[in-house]
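Enquirer: everything below, folded, please.
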Amino acid sequence: MTRYTVECACAAYEYTRVTVEAATLDAALDAALDAAIAAAAERDDWASDNETGPIFADAATEGAWRDGNPLLPIPDRFTEAGEPSTVTIIMEGGAIHEVTFEGTPCRVLIRDYDVEGAEPEDTEPDPEGRPALTFRYGPWPDHPPDPVPELPSAPPGGG
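Expert: Modelled structure (predicted):
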């Protein structure tokens, strides 16, 4: 087993260093976060009027924590930001049939450069000035989201 020291933090930016033994860095991060959460719950002096975020892994190294030890890369799912959002765009016959989001809210911008037959007022120039049919999904501050038409459902992979 490899010994890891993991620095865990939360949005209040307090931290604790937890040393655990684990077969992999992912297992060490899981164990260290569990230990940090349990230790924080047992603190008698833990009082705050401020809400804080979840505890996350801020840094990790193999062995004891020492200046100069190389820090290990932390996988996204253990970081403060977490895993990035996933946007899935389902197209069939050149048309968008479904847009789904997994994770935190995100913005999706789709540009369709196949504008032949489109009315000029339905196109919008891209940053290079090329005309495109433009669709926005998600929280766009300057533009309301485009309506998503009702489409017949189909099993994944077509049908």
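Enquirer: break this structure down into its structural domains.
Expert: Using automatic domain parsing, the domain parsing of the chain gives 2-78, 86-137.
Enquirer: what is the rounded mean pLDDT of the longest one?
Expert: For domain 2-78, the mean per-residue pLDDT is 81.
Enquirer: look at T16 and tell me its secondary structure.
Expert: Put simply, T16 is strand when judged by DSSP: H, G, I helix; E, B strand; the rest coil.
Enquirer: and the residue at the greatest distance from the centre of the chain, how close does it get to F135?
Expert: Relative to the C-alpha centroid of the chain, counting by C-alpha atoms, centre = their mean, G117 is the outermost residue, at 38.0 Å. Separation of G117 from F135 (C-beta to C-beta, to the nearest Å) stands at 17 Å. Every C-beta, even on glycine, is put in place using the N, C-alpha and C of the backbone.
Enquirer: is D34 in a helix, a strand, or coil?
Expert: Here D34 is recorded as helix under three-state DSSP.
Enquirer: neighbours around it, how many?
Expert: For D34, the neighbour count with other C-beta atoms under 10 Å is 14.
Enquirer: again with C106
Expert: When counting by other C-beta under 10 Å, one arrives at 14 neighbours for C106.
Enquirer: distance check, it against G129.
Expert: Counting by C-beta to C-beta - C106 and G129 are separated by 26 Å.
Enquirer: repeat that for G82.
Expert: When distance is defined by C-beta to C-beta, G82 is 37 Å away from G129.
Enquirer: out of those two, which sits in the more crowded spot?
Expert: G82 (13 against 6).
Enquirer: what secondary structure does that one sit in?
Expert: Using three-state DSSP, the structure places G82 in coil.
Enquirer: per-residue confidence at it?
Expert: We have a pLDDT of 80 for G82.
Enquirer: and the one 3 residues further on, by the same measure?
Expert: pLDDT, S85: 73.
Enquirer: just give the closest residue to it, not the sequence neighbours.
Expert: G103 (3.6 Å; C-beta to C-beta, 6 or more residues apart in numbering).
Enquirer: ok, that neighbour - how many residues close by?
Expert: A count of neighbours around G103, defined by other C-beta under 10 Å, yields 11.
Enquirer: thought it was touching A81?
Expert: No - counting by C-beta atoms under 8 Å, G103 stays clear of A81, with 10.4 Å between them.
Enquirer: tell me the buried residues in stretch 36-46?
Expert: Neighbour-count burial for stretch 36-46 flags A36 (criterion: 16 or more other C-beta atoms under 10 Å).
Enquirer: CA atoms of it as PDB?
Expert: Extracted in PDB, the C-alpha atoms of stretch 36-46 (Å, rounded to 0.1, in the frame of the first residue of the first chain):
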ATOM      1  CA  ALA A  36     -12.100  15.100   6.900                       C
ATOM      2  CA  ILE A  37     -15.900  15.200   6.800                       C
ATOM      3  CA  ALA A  38     -16.100  13.000  10.000                       C
ATOM      4  CA  ALA A  39     -13.500  15.100  11.800                       C
ATOM      5  CA  ALA A  40     -15.300  18.400  10.900                       C
ATOM      6  CA  ALA A  41     -18.600  16.900  12.200                       C
ATOM      7  CA  GLU A  42     -17.000  16.100  15.600                       C
ATOM      8  CA  ARG A  43     -15.500  19.500  16.200                       C
ATOM      9  CA  ASP A  44     -17.100  21.000  19.300                       C
ATOM     10  CA  ASP A  45     -16.000  24.500  18.300                       C
ATOM     11  CA  TRP A  46     -17.500  24.200  14.800                       C
END
